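K.L.:
okay, here's the prediction I keep looking at, along with the sequence it came from:
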Amino acid sequence: MCIARRPGLWLACFFTLAVLGANPDNLHAAHGISIDGKLKYPAGFVHFDYVSPQAVKGGQLLLHDLGSFDKMNPFTLKGTAPAGLEDLVFETLTVPSLDEPFAAYGLIAKDIEVARDRLSVTFTINEQARFSDGTPITAADVKFSLDTLKSGKAHPFYQAYLQDITGADILDPMRVRMNFARANRELHMIAGQLPIFSSKFYRATPFDAASLAPPIASGPYVVKEVVPGKTITYQRNPNYWARNLNVRRGFFNFDTITYKYYKDQIVALEAFKAGEFDFFKEYSARAWSRQHAGTKWDDGRIRKKAFKTATGQGLQAYILNLRRPLFQDRRVREALGLTYDFDTLNKSGQYQRSHSLFNNAEFAAEGLPSAGELRLLEPFRAQVPPEVFGPPFRAPLTGREPSRLRANLLRARALLAQAGWTVAADGQLRNTAGQAFTFEYMLPGEPRPFPEWEKNLAKLGIKLTMRAVDFALYRRRLEAYDFDVVAIAGNDFTLPDPAGLSQMLGSASVDEPGGNNLRGVKSPVVDALLKALAAADTLPALRDAARALDRVVMWNHWQIPDLWTADERVSYWNRFAMPAVQPLHFSIDTGALPWPLVTWWHKPGSVR
């Protein structure tokens, strides 16, 4: 589970795994859990296939992040923690397998026992597990971690995400049972994602203190050096307790990892070209085509590759803040979607148009609603758009044909007129109260023009204002829901994540500061479908619930869908070797901890 930042986007990513279709009578203590009770890797397996046990350890890896940082705790609300801290320094009870769709294996927990009634899970702690100060990890630390994240000291996300884990019982020094409020197919997997804290350290350093004191945790790295707000360097712990564990063999091959901070992506790309750091993920199709090129690419000093993934792609969209009266009429929202000419903006053809919450996955709505979907939707027929019961939502396309764009704009004008918005004598679109139709699109970093969309809106009398703010202010305004429109990328996924989706769309989180319900959705229909999604215990039931939710969310036009791609586009200095096998399900983001950075190593003679 991670909260990762992408330039120009706020990405909440939740990697959730689940057990579906398994016979409860067969649930028992095991080294891992999967969707159907089967695991690719047996107990005692040597290593994951997507690592190389021959990887050479050594050297330094230089990365980058944007903005700044002012604290050493990534689990609290106030302030900003440095990149890498959550993944390099802290550890969880279990870790996911990246080449299975839905599987996790024990890390701090060597054994996982799910109760037959699915109302609890018991973790047995590995006797070798140690924090970096040498103290053993015990059941008391696990309970402390759960209690802390469920308290007001932690970021509100964790309180909501862990709300159905009611508490933990210490069975003995090395065993802890987590209890659930209800039977749920994923709660034991959420429990396995729990980051484990040193209760000893946080008794001396209050958990919610605004501190730059390096934390004591159990991960493969420790904080070596901090230049506040500018750089942070992590050093591989030579005494790391799990260095020979099968789920860690072949990982974490660099002696030190340093993150350098830059103002924005433009500055960072120039720094990358100058050799200030090693690895650059590109989000812009235009920049990928035009700026990741030149002599250093031609002569092989820098390599450029789009890594293919099989991972589902969440909805990237322009989020309309329903807390603003301007966006509370569905006709207005639909009209705004018609003004967005995706085909013209996608000149390079590198992207596909988003039509769903669940792109690149079987959980996206298809055809007419199935019988299972109808059972979920029929009780709410009067509360949802009639289109929900027809073909799935498809975002408007133009094929870059002026006649099709004109038709879209005419349709948008008619919808706006129905909603009470007409063009006044001054050329501005106004409502019956004389209010002009104007809204602000907020983005982090440097200003970026959006002439195509501005021009289309202007044809209807709508004024779009671009507001670029620094990353710290961008985050604060998101947390306070102080925006009109922002661009947001949904999480990558293998299975739909009910907990993450509830944070994004559920009524319970709509008024919670710092939450992820940026749209401001407060819908009993959505709440009911989210409950159905969480309760699904077979793949068909999960598919029906996801597709029903997809139809309701997309046909309500709470967002303007943008794009998706399963390509992870990266330029990197040609000094790395990599495993022969690439995993199926992974992401590459230097704000988190991607597969290349934890499994690659320096070629002989190329160590910095």
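P.N.:
Everything's here; your move.
K.L.:
wait, residue 41 sits on residue 48?
P.N.:
Yes - Residue 41 is within contact range of residue 48, at 7.2 Å (criterion: C-beta atoms under 8 Å). Bear in mind the C-beta positions are built from the backbone N, C-alpha and C, glycine included.
K.L.:
between these two, which contacts overlap?
P.N.:
Taking C-beta atoms under 8 Å, 6 or more residues apart in numbering as the criterion, residue 41 and residue 48 both touch 97, 246.
K.L.:
more neighbours, these two?
P.N.:
For residue 41 and residue 48, the more surrounded residue by other C-beta atoms under 10 Å is residue 48, and the numbers stand at 24 against 20.
K.L.:
confirm the more buried one sits in a strand?
P.N.:
No - under DSSP: H, G, I helix; E, B strand; the rest coil, residue 48 sits outside any strand and is assigned coil.
K.L.:
now it, nearest residue through space, not along the chain?
P.N.:
residue 97 (6.6 Å; C-beta to C-beta, 6 or more residues apart in numbering).
K.L.:
what residues are up against that neighbour?
P.N.:
32, 40, 41, 48, 103, 104, 105.
K.L.:
single out whichever of the residues you listed has the smallest pLDDT.
P.N.:
Lowest pLDDT among the contacts of residue 97: residue 103, with 81.
K.L.:
off-centre distance for stretch 313-331?
P.N.:
For stretch 313-331, the separation from the chain centroid amounts to 19 Å (computed by C-alpha atoms, centre = their mean, to the nearest Å).
K.L.:
scratch that, stretch 156-167
P.N.:
Using C-alpha atoms, centre = their mean, the offset of stretch 156-167 from its chain centre is 18 Å.
K.L.:
that older thread, separation between the residue nearest to residue 48 and residue 187?
P.N.:
Counting by C-beta to C-beta, to the nearest Å, the gap from residue 97 to residue 187 is 20 Å.
K.L.:
restricted to strands, list the contacts of residue 97.
P.N.:
Per DSSP state E, strands hold the following members of these: 32, 103, 104, 105.
K.L.:
what's the farthest-apart pair in those?
P.N.:
103 and 105 (7.1 Å; C-beta to C-beta).
K.L.:
who's more crowded, the two?
P.N.:
Neighbour count, other C-beta under 10 Å: between residue 103 and residue 105, residue 105 has more, with 27 against 23.
K.L.:
for that one, what are its contacts?
P.N.:
Here residue 105 is in contact with 31, 32, 39, 41, 94, 95, 97, 247 (criterion: C-beta under 8 Å, 6+ apart).
K.L.:
and if we set it to 6 Å?
P.N.:
By C-beta atoms under 6 Å, 6 or more residues apart in numbering, the contact set of residue 105 is 32, 247.
K.L.:
for beta bridges, what are the partners of it?
P.N.:
Beta-bridge partners of residue 105, counted by DSSP bridges, are residue 32, residue 95.
K.L.:
swap in residue 279?
P.N.:
Counting by DSSP bridges, the residues bridging with residue 279 are residue 572.
K.L.:
distance of residue 63 relative to residue 490?
P.N.:
24 Å.
K.L.:
residue 264 is in contact with residue 448, isn't it?
P.N.:
No - counting by C-beta atoms under 6 Å, residue 264 stays clear of residue 448, with 10.0 Å between them.
K.L.:
looking at the two, which is more packed in?
P.N.:
residue 264 (18 against 13).
K.L.:
check that one and give its pLDDT.
P.N.:
Residue 264 is given a pLDDT of 88.
K.L.:
would you check how far apart it and residue 416 are?
P.N.:
From residue 264 to residue 416 the distance is 35 Å (C-beta to C-beta).
K.L.:
can you give me the strands in the stretch 101-250 of the chain?
P.N.:
Applying DSSP state E, counting those that start in this stretch to the stretch 101-250 of the chain gives strands spanning 103-106, 109-114, 120-125, 165-172, 175-180, 221-227, 231-236.
K.L.:
partners of the last one in the sheet?
P.N.:
Right, the one you point to is strand 231-236. For strand 231-236, pairing defined by DSSP bridges yields strand 221-227 (antiparallel), strand 256-262 (antiparallel).
K.L.:
where does the stretch 1-150 of the chain dip in pLDDT?
P.N.:
Judged by pLDDT under 70, the stretch 1-150 of the chain has its weakly predicted residues at 1-29, 35-36.
K.L.:
tell me how far residue 238 lies from residue 136.
P.N.:
Counting by C-beta to C-beta, the gap from residue 238 to residue 136 is 18 Å.
K.L.:
so residue 68, which of the three states?
P.N.:
coil.
K.L.:
just the buried positions in stretch 403-417, please.
P.N.:
405, 408, 409, 412, 413, 415, 416 (16 or more other C-beta atoms under 10 Å).
K.L.:
and that stretch, C-alpha only, in PDB?
P.N.:
Output in PDB follows, covering the C-alpha atoms of stretch 403-417 (Å, rounded to 0.1, in the frame of the first residue of the first chain):
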ATOM      1  CA  SER A 403     -17.300  18.400 -38.000                       C
ATOM      2  CA  ARG A 404     -17.400  16.000 -35.100                       C
ATOM      3  CA  LEU A 405     -15.900  18.500 -32.700                       C
ATOM      4  CA  ARG A 406     -18.600  21.100 -33.900                       C
ATOM      5  CA  ALA A 407     -21.300  18.500 -33.200                       C
ATOM      6  CA  ASN A 408     -19.900  18.000 -29.700                       C
ATOM      7  CA  LEU A 409     -19.900  21.700 -29.000                       C
ATOM      8  CA  LEU A 410     -23.400  22.100 -30.300                       C
ATOM      9  CA  ARG A 411     -24.600  19.300 -28.000                       C
ATOM     10  CA  ALA A 412     -22.700  21.000 -25.100                       C
ATOM     11  CA  ARG A 413     -24.400  24.300 -25.800                       C
ATOM     12  CA  ALA A 414     -27.800  22.700 -25.700                       C
ATOM     13  CA  LEU A 415     -27.100  21.000 -22.400                       C
ATOM     14  CA  LEU A 416     -25.900  24.200 -20.900                       C
ATOM     15  CA  ALA A 417     -29.000  26.000 -22.100                       C
END
